[in-house]
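Participant: Based on what follows, work out the 3D shape:
(2 chains, ligands or ions: 2)
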Amino acid sequence: MTAPAFEAVALTRSYQLEGVSVDALRGVDLTVGPGEFAAIIGPSGSGKSTLMHLLGCLDRPTSGVLKVGGVDVATLTDTQLAELRNQTIGFVFQSFHLLARTSALDNVALPLVYRGVPRAERRTRARAALEAVGLAHRLTHRPAQMSGGEQQRVAIARALVGDPQVVLADEPTGNLDSRNGVEVMNLLTRLNADSGVAVILVTHEPEVAGRARRQIHVRDGLIELDTGSS
Amino acid sequence: MRTAEALRMALEALRVNRLRSALTMFGVIIGVSAVVILVAIGTGAKNAVEQEIAGLGSNIILVVPGQLNFQAAPTQSRLDLTDVAYVRRVVGDESRVTVSVQSGETIRVGRDEAFVTVVGTDQFLPNIFDRPLRRGRYLSETDVDTRRRVVILGSEVAAKLFGDVDPVGRQATISGVRFRVIGVYEKVGATFGVARDQEVHVPVTTAQRLIGVARINGIAIGASGPDEIEPLQQRVVAALIQRYPGEKFSAVTQTQLLGTIGTVLGMLTGVLAAIAGISLLVGGVGVSNIMLVSVRERTKEIGLRMALGARQRDILGQFLIEAVLLTTIGGLIGILLGVGGALLIAAVSPVPAAITWWSIALAFGVSVGVGVFFGVAPARRAGKLDPVVALRAE
Ligand SMILES: Nc1ncnc2c1ncn2[C@@H]1O[C@H](COP(=O)(O)OP(=O)(O)OP(=O)(O)O)[C@@H](O)[C@H]1O
Ligand SMILES: [Mg+2]
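Facilitator: Ligands and ions are numbered 1, 2, ... in the order given. Next up, the predicted model:
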């Protein structure tokens, strides 16, 4: 039996702001299995992004236990967290976060740089990833030469190039028009179905959330409703 | 991450901001080329002076009245020819002692005239100093004893007054007195700014009458070997002090002069290099400044790289390599400019410039070091960024 992709118990995260403590997460219990497709929805400021950052090992919980692929992140150093991100997690951001002066191919290959993959192999794998998102004809384009939808697909290719266990997408359709948004969602759905990579996405839009098999509703730093909890 | 990859990335980053990189390098370029040029000039000057001193002859002791002091005016001499005879007895070999009395005078041949240093000396001068003759002969004992009006011309004086004509046997007038030319010296160059090719040598007795003095300026002694220099020097000074109690006499040797001048010029070179080093330091501060700006500008990029799996040391390395690359490229350009500048100065100006390997190696090492030193703080700042905060940056 494979370990759950994520296993969170009583997860909290508070921020100290000018002496005042802001509790962004107030005790989240959550288990996400391998290959799941889940949407996190909730009002602005409810803690969705905070939860994504914790799951993505970009941040550490204030209290509680978080296991990623069965490993308690509290036991890992910053360097090990970076390696864990590199190996098991792919990020997709609302504003794409592509390197502006870099070609689509090199943008996609970037995670492999930090894995020490040789240049030739990086290029091969990046090309395959771009083909998988339907951008075989955009290899040498720079972000500014592509539409928003194309840029987000490049970002998805970058998230997938390292064969992660999970793709974490924070409002991946937030900066796209509805047609491009649908296309990106189609892509994520297909990738989840075809390659078995777990997808967790944050969204405001119920239609987007509706395409996931599981909906996790967050409010005031707590999980209010989880359609997939057992 | 591999080093080659990091280098490629850093080069790319510098290329993207070409103008800024060039301007940042400028400080380092100026600093490094200044170090190379100034050290070359300092070293060249030192070499030149050392060559001049060595060119005088070997194992020479110069005895002058008073205390040798570079700041004070020379003491009025009280030595005369009887003192020379006395020193000759002390040395025990008269042929190893010679004498000098000097004065600036005008020498005239027909309508041509030149201002020269008239040096009164004797037949022993060629035993002690390296003063090869081109033509004619040296002074003789009879010249000195009978106060003959004969003169040996420095090479420049001869060229100026006689051109291509052989001066030996011809007449020249010094301060209204007619002299017969008996010889011409080879070109020997200058020592301490004393243009020895613009000297004329006459018998010391003749010179004293011409100038109207009974004194002499100094005594030169040739030691028989390096080991004799110091004892002889002490013996002569002690004997003179015994003869004139309460007065001071100095005897200096080439080695001492070399040592003193070498120290002075070495210090000068050091000071010049230090001044140039300061501009290198200022260049380093510029690099630090630009790297901090760069880190701030690229905060979002840093956050993204971290999210994709860059470790702190990857980010730190990336920015450190950028800084070191800036100063290293700047340093290499500076070395090229510095070497070129020094060669140009040596070629077109009278300032001697000698390029030394150590100054190039030092300049290169320092520019790499400046990159590391001034790059560390910005790079550490980049590496220590919180990925979540960095990703949110505008
Ligand atoms: N770095 C921080 N410092 C202080 N407070 C923070 C910080 N990050 C988030 N918060 C606070 O934590 C709470 C949750 O923020 P979070 O970004 O997780 O919300 P969100 O659900 O993603 O909202 P949105 O839908 O607007 O993106 C908010 O009240 C926010 O102000
Ligand atoms: Mg958010």
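
Participant: Only C-alpha atoms from now on, for both contacts and neighbour counts.
Facilitator: Noted.

Participant: where exactly do the helices run in the chain?
Facilitator: Assuming you mean chain A. A:48-55, A:78-88, A:104-113, A:119-132, A:148-160, A:178-195, A:206-210 (DSSP state H).

Participant: Can you look at chain B instead?
Facilitator: For chain B, the helices defined by DSSP H cover B:3-16, B:18-56, B:81-91, B:125-128, B:141-145, B:155-162, B:204-211, B:226-243, B:254-297, B:299-307, B:312-348, B:357-383, B:387-392.

Participant: Give me the contact list for the fourth one.
Facilitator: Spelled out, it's helix B:125-128. B:57-58, B:60, B:95-99, B:132, B:138, B:220-222 (CA atoms under 8 Å, 6 or more residues apart in numbering or on different chains).

Participant: which parts of it are buried?
Facilitator: Buried residues in helix B:125-128, counted by 16 or more other CA atoms under 10 Å in any protein chain shown: B:125, B:126, B:128.

Participant: tell me the mean pLDDT for it?
Facilitator: Helix B:125-128 shows a mean pLDDT of 90.

Participant: Name the nearest residue to residue 136, sequence neighbours excluded.
Facilitator: I went with chain A, as the question did not name one. Spatially, and ignoring its direct neighbours in sequence, residue A:136 is nearest to residue A:130 (5.6 Å; CA to CA, 6 or more residues apart in numbering or on different chains).

Participant: Oops, wrong one, chain B.
Facilitator: Leaving out its chain neighbours, the residue that sits closest to residue B:136 by CA to CA, 6+ apart is residue B:183, at 4.0 Å.

Participant: so what's the one you found up against?
Facilitator: Contacts for residue B:183 (CA under 8 Å, 6+ apart) come out as B:133, B:134, B:135, B:136, B:137, B:138, B:151, B:152, B:153, B:167, B:168.

Participant: Just the buried ones among the residues you listed, please.
Facilitator: Buried among the contacts of residue B:183 (16+ other CA under 10 Å): B:133, B:135, B:136, B:137, B:138, B:151, B:152, B:153, B:167, B:168.

Participant: from the residues you listed, which single one is nearest chain A?
Facilitator: residue B:133 (75.3 Å; CA to the nearest CA).

Participant: Tell me the confidence at the closest one?
Facilitator: On the pLDDT scale, residue B:133 is placed at 93.

Participant: buried sites along the one helix or strand in chain A whose mean pLDDT sits lowest?
Facilitator: Ranked by mean pLDDT, DSSP states H and E, the weakest helix or strand in chain A is helix A:206-210, scoring a mean of 91. Buried residues in helix A:206-210, counted by 16+ other CA under 10 Å: A:208, A:209.

Participant: And stretch A:109-128, by the same measure?
Facilitator: Residues of stretch A:109-128 classed as buried by neighbour count (16+ other CA under 10 Å): A:109-115, A:117, A:122-123, A:125-128.

Participant: Quick check: end-to-end length of that stretch?
Facilitator: Terminal residues of stretch A:109-128 are spaced 11 Å apart (CA to CA, to the nearest Å).

Participant: Now do that stretch: everything it contacts.
Facilitator: A:86, A:105-106, A:108, A:136, A:139, A:157-158, A:161-162, B:1-2, B:5, B:305, B:308-310, B:314.

Participant: Could you list everything the residue most central in space within chain A pairs with in the sheet?
Facilitator: Geometric centre of chain A, nearest residue: residue A:168, 1.3 Å, by CA atoms, centre = their mean. For residue A:168, the beta-bridge partners are residue A:91, residue A:200 (DSSP bridges).

Participant: tell me the contacts of it?
Facilitator: Applying CA under 8 Å, 6+ apart to residue A:168 gives the contacts A:52, A:56, A:89, A:90, A:91, A:92, A:199, A:200, A:201.

Participant: List phi and psi for the second one.
Facilitator: Spelled out, that is residue A:56. With angles defined as degrees, to the nearest 10, residue A:56 sits at phi -80, psi 10.

Participant: Wait, it touches residue A:86, no?
Facilitator: No - if you go by CA atoms under 8 Å, residue A:56 and residue A:86 don't touch, sitting 10.1 Å apart.

Participant: Tell me the spacing between residue B:38 and ligand 1.
Facilitator: For residue B:38, the distance to ligand 1 equals 53 Å [CA to the nearest ligand atom, to the nearest Å].

Participant: from what I can see that residue touches residue B:270, true?
Facilitator: No - applying CA under 8 Å as the test, residue B:38 and residue B:270 come out as separate, 9.3 Å apart.

Participant: ok, these two, which is more surrounded?
Facilitator: It is residue B:38, of residue B:38 and residue B:270, that has more neighbours when counted by other CA atoms under 10 Å in any protein chain shown, with 28 against 17.

Participant: ok, now which ones touch that one?
Facilitator: Counting by CA under 8 Å, 6+ apart, residue B:38 has contacts B:269, B:272, B:273, B:276.

Participant: neighbours of the residue of the stretch 251-394 of chain B found nearest chain A, just the number please.
Facilitator: Residue of the stretch 251-394 of chain B nearest chain A, by CA to the nearest CA: residue B:309 (4.1 Å). Residue B:309 has 29 neighbouring residues, counting by other CA under 10 Å.

Participant: Repeat that for residue A:15.
Facilitator: Residue A:15: 13 surrounding residues under other CA under 10 Å.

Participant: gap between it and residue B:330?
Facilitator: According to CA to CA, residue A:15 stands 45 Å off from residue B:330.

Participant: Repeat that for residue B:126.
Facilitator: Applying CA to CA to residue B:126 and residue B:330 gives a distance of 54 Å.

Participant: quick revisit: between the buried residues of helix B:125-128, which is nearest ligand 1?
Facilitator: Using CA to the nearest ligand atom, residue B:128 comes nearest to ligand 1 of the buried residues of helix B:125-128, at 87.5 Å.

Participant: Near ligand 1, which residues of chain A are found?
Facilitator: Contact residues (CA under 6 Å from any ligand atom) of chain A with ligand 1: A:15, A:17, A:24, A:43, A:44, A:45, A:46, A:47, A:48, A:49, A:50.
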